[in-house]
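> Quick one, structure for this:
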Amino acid sequence: MSLYNVFDIAGSGMSAQNVRLNTTASNISNANSISSSQDKVYRARHPVFAAELNKAAAANPNTLSSSVGVKVLGIVESDKPLQVEYNPNHPSADKDGYIYKPNVNVVEEMTNMISASRSYQTNVQVADAAKQMLSKTLLLGQR
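Model (predicted):
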């Protein structure tokens, strides 16, 4: 595997973690929203990742496992139960006096945020290490 593939792999990792961080931010920002209907309430969303084999490596079976990036397959809504609260005095209460809150766990989302941030940072460090290795390689012929 060439060092140039490292940039593609680290880039796909950074892109995936960016999607994860944006999804987490959306979940946190909607954590306290309220609705009068189960159909309209915000539901927590989570990205789904999968390994993506490099197209160039697919042609050569010997390098198939050496160049694997990450791909975002999509974003799915959580199927955890919603928070239902009896509050007949709330302006958004339904005819039975219930309000519906999202199924967002803020502690879990903060953990996801920290994890996504660290994963992004690690991918940046990998790309930087590859850049330094390429620079050192170019300096070999100068002595």
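
> For this structure, which segments are assigned as helices?
Here the chain has its helices, by DSSP state H, at 3-29, 55-58, 106-139.

> mean confidence score for the first one?
Per-residue pLDDT values across helix 3-29 average out to 93.

> From what I see, Ile34 and Pro91 are in contact.
No. Under the criterion of Cβ atoms under 8 Å, Ile34 makes no contact with Pro91, lying 9.2 Å away. No exception for glycine: its C-beta is placed from N, CA and C like everyone else's.

> Would you mind telling me which of the two has the busier surroundings?
Neighbours were counted for Ile34 and for Pro91 using other Cβ atoms under 10 Å; Ile34 has more, 17 against 8.

> Please report how far that one lies from Ala44.
Ile34 is 15 Å from Ala44, where distance means Cβ to Cβ, to the nearest Å.

> Give me the below-cutoff pLDDT ranges for this structure.
Within the chain, the segments meeting pLDDT under 70 span 1, 54-67, 143.

> tell me the centre residue of it?
Arg20 (1.8 Å; Cα atoms, centre = their mean).

> ok, so what distance separates that residue from Asn87?
33 Å.

> Please apply the same query to Ser2.
Ser2 is 61 Å from Asn87, by Cβ to Cβ.

> Next: Ala93.
For Ala93, the distance to Asn87 (Cβ to Cβ) stands at 6 Å.

> circling back: which of the helices of the chain sits most buried?
Across those, averaging neighbours per residue (mean count of other Cβ atoms under 10 Å) puts helix 3-29 on top, at a mean of 18.

> And it, how far out from the chain middle?
6 Å (Cα atoms, centre = their mean, to the nearest Å).

> what do you get for stretch 129-143?
Relative to its parent chain, stretch 129-143 has a centroid offset of 33 Å by Cα atoms, centre = their mean.

> circling back to that earlier point, list just the one of the helices of the chain that sits closest to Leu73.
helix 3-29 (10.2 Å; Cβ to Cβ).

> angle of the closest one against helix 106-139?
Relative orientation of helix 3-29 and helix 106-139, computed by axes from the mean of the first three to the mean of the last three Cα atoms, to 10 degrees: 160 degrees.

> helices and strands around helix 3-29, which ones?
Helix 3-29 sits against strand 45-53, strand 68-77, helix 106-139, with contacts defined as 3 or more Cβ pairs under 8 Å, 6 or more residues apart in numbering; DSSP states H and E.
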